[in-house]
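S.K.: Give me the fold of what follows.
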Amino acid sequence: MIGRMIWLTVVWFAWMGALLFGSAGTLAWVAAWLWLLEWAACGIWIGMWLWRVDRGLLAERLAPFAPRGQSRWDRVFMVAVTVAWCAWLCLMGIDAVRFGWSHVPLWLRVAGAVGVFLDIYFTRGVFAANRYASPVVAIQRERGHTLSDTGPYAYVRHPMYAYAILLLAGTPLMLGSWWGLACVPLMVAGIGWRAVKEERTLVDGLPGYREYVQRVRYRFVPGIW
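M.R.: Have a look, this model is predicted:
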């Protein structure tokens, strides 16, 4: 399993690097190298931690994005997200480096790097509270799927999505792309749509989730939504 995690990290690093540097037209893009290294290092750190504390969840996170029980709409959503993510990275390479349209101050670039790290760090808390935090929407009956309502789940129903906003905002800031940042509201709306659809699946198939929705009122940010 560790070997698969490292292999997938290498493949991810190479593919994301190809998109970023290919669209930028150069390998001399320090911010992109730092972003890739930050993600790779933090991803391996989280993976090694899961190897020690919850190998079942690690296996779930490393599984293909089309497991048994995944809804068709979620499969379509995952394909759309993958295409949008790749296009987004290319847009930022074109904007920030190839044509140099954007000029983001250094302090905002640093803030973006901090946001990316905080997303990954806080996601560890999500994994600690929810051993069924799969990347796809499906009731994991074969793993004895039960309700998770402790840790960050005591405050919002989708903490991983909430933390993802830090990544989505932090990435274009770190890479120096205002055009990339302009795409973030649409991307947040997309994960908001998925959260609503996911809740319908959980209400129908996960015991106690209907009561949980009534008890924890907000999806992403307490007091807002």
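
S.K.: Report the central residue of the protein.
M.R.: For the chain, the residue sitting closest to the mean C-alpha position, by CA atoms, centre = their mean, is Ala164 at 5.2 Å.

S.K.: okay, and the helix or strand of this structure with the least pLDDT?
M.R.: Ranking every helix and strand in the chain by mean pLDDT, DSSP states H and E puts helix 55-62 at the bottom, with a mean of 80.

S.K.: Give me the distance from the very next helix or strand once past it to the chain's centre.
M.R.: Using DSSP states H and E, the helix or strand that follows helix 55-62 in sequence is helix 72-93. Relative to its parent chain, helix 72-93 has a centroid offset of 12 Å by CA atoms, centre = their mean, to the nearest Å.

S.K.: Buried residues of helix 72-93, list them for me.
M.R.: By neighbour count with 16 or more other CB atoms under 10 Å, helix 72-93 contains the buried residues Asp74, Phe77, Met78, Trp88, Leu89, Cys90, Leu91, Met92, Gly93. In short, each C-beta sits where N, CA and C put it, glycine included.

S.K.: residues of stretch 137-148 that come out buried?
M.R.: Val137, Ala138, Ile139, Gln140, His145, Ser148.

S.K.: Relative to Ala41, which of those residues is nearest.
M.R.: Ser148 (27.2 Å; CB to CB).

S.K.: hang on, isn't that closest one packed against Phe127?
M.R.: No. Under the criterion of CB atoms under 8 Å, Ser148 is not in contact with Phe127, lying 10.3 Å apart.

S.K.: who touches both of these two?
M.R.: Here Ser148 and Phe127 have Ala133 as joint contacts, going by CB atoms under 8 Å, 6 or more residues apart in numbering.

S.K.: Once you drop chain neighbours, what's closest to Glu199?
M.R.: Val213 (6.5 Å; CB to CB, 6 or more residues apart in numbering).

S.K.: Give the burial count for that neighbour, as a bare number.
M.R.: When counting by other CB atoms under 10 Å, one arrives at 14 neighbours for Val213.

S.K.: For it, pull up the helix or strand it's in.
M.R.: helix 209-215.

S.K.: so how far is that helix off the chain centroid?
M.R.: Using CA atoms, centre = their mean, the offset of helix 209-215 from its chain centre is 24 Å.

S.K.: what about Ala63, distance to Met1?
M.R.: According to CB to CB, to the nearest Å, Ala63 stands 11 Å off from Met1.

S.K.: circling back: surely the residue nearest to Glu199 is in contact with Arg200?
M.R.: No. Between Val213 and Arg200 there is no contact under CB under 8 Å: 10.3 Å.
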